[in-house]
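**Q** Whatever this is, show me its structure:
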Amino acid sequence: MTTEDRGAQLKPSPRGARSIQRILDAAARLFGRDGFQGASMHSVARAAGVSKGLLHYHFRSKEHLLIEAQRSTFRQVHRRFDERFQRGDRGLGTALEGLDALWEAVREMRGWAPFMMETVTLAAKPGPVRDDLETFYAENAANLEQGITRVFDGRIDDLPIPPDRLASVVSCAIHGLIVELTLARNEDDLEKIDQTYRDMRLFFEETSRGSLEAKS
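**A** Numbers count the residues shown, from 1 in each chain. Okay, here's the model as predicted:
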């Protein structure tokens, strides 16, 4: 059975979808505040106002819940900018705002960073966690590529590299910053990571601007 088939088979009712979203919102809040080890399934269920049985019905493990909470967070960023694209917002400025929103979401998930790195090692082993991660990464890559394609609509051929490769570069940069967040021990470390993000953003901006202007 494919991932799409499983998704269709397990599609929740509107009421179930609302319960799932409450769980994901609570998980994001508690994982961000207490970290992966500090936030229990019981505390997530209590914060979401659902029974522990219902929580386990939708999420088979804390690892699964963490991955889905990350996916929900990134989906919200994508939806927010999708609405802007629908209104006609385009160009490098909008692209940079999208990059900032993505970094802000990752930065707010600092408490998750150590486990996010642990899950990367689990991705090398067959099993449910690897399946969940592969689906998560594939969705993020598709959303990034779609966002780049939309924000540079009409100027795709003027970019320094195609949208799929640019999405891969951005994804690798963000994953690298997550590694740095895992290693951060104090505010000075965090400031250095923020500066690294700003440097990456500047490089993206100047490279894209130079390419777009050269082909205008």
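
**Q** CA only for contacts and neighbour counts going forward, please
**A** OK.

**Q** what stretches of the chain score poorly on pLDDT?
**A** Within the chain, the ranges that satisfy pLDDT under 70 run 1-12, 122.

**Q** And stretch 55-65, what's buried?
**A** Of all the residues in stretch 55-65, those buried under the rule 16 or more other C-alpha atoms under 10 Å are 55, 58, 59, 62, 63, 65.

**Q** distance between the ends of that stretch?
**A** 9 Å (C-alpha to C-alpha, to the nearest Å).

**Q** Contacts for it next, please.
**A** Stretch 55-65 has contacts (C-alpha atoms under 8 Å, 6 or more residues apart in numbering) with 20, 23, 24, 27, 40, 41, 45, 129, 132.

**Q** switch the cut-off to 10 Å
**A** Contact with stretch 55-65 is made by 10, 12, 16, 19-20, 23-24, 27-28, 36-37, 39-42, 44-46, 48, 51, 53, 66, 68-69, 71, 115-116, 119, 128-129, 132-133, as judged by C-alpha atoms under 10 Å, 6 or more residues apart in numbering.

**Q** what distance separates it from the centre of its chain?
**A** Mean-position distance between stretch 55-65 and its chain equals 19 Å (C-alpha atoms, centre = their mean, to the nearest Å).

**Q** just the buried members of the contacts of stretch 55-65?
**A** In the contacts of stretch 55-65, burial by neighbour count holds for 19-20, 23-24, 27-28, 36, 39-41, 44-45, 48, 66, 68-69, 71, 116, 119, 129, 132-133, counting by 16+ other C-alpha under 10 Å.

**Q** circling back to that earlier point, so, if you compare the buried residues of stretch 55-65, which one comes nearest to residue 192?
**A** Residue 192 lies nearest to residue 63 out of the buried residues of stretch 55-65, by C-alpha to C-alpha, at 29.2 Å.

**Q** So which residues of the protein form helices?
**A** For the chain, helices defined by DSSP state H occupy the ranges 3-9, 14-38, 41-48, 52-58, 62-86, 92-108, 113-122, 128-151, 163-183, 187-214.

**Q** Dump the ones you listed to TSV, plus distance to residue 157.
**A** Output for those, formatted as TSV (distance: least, C-alpha to C-alpha, whole Å):
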stretch	distance to residue 157
helix 3-9	32
helix 14-38	38
helix 41-48	46
helix 52-58	43
helix 62-86	19
helix 92-108	14
helix 113-122	34
helix 128-151	10
helix 163-183	9
helix 187-214	9
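
**Q** residue contacts, residue 190?
**A** 107, 110, 180, 181, 183, 184, 196.
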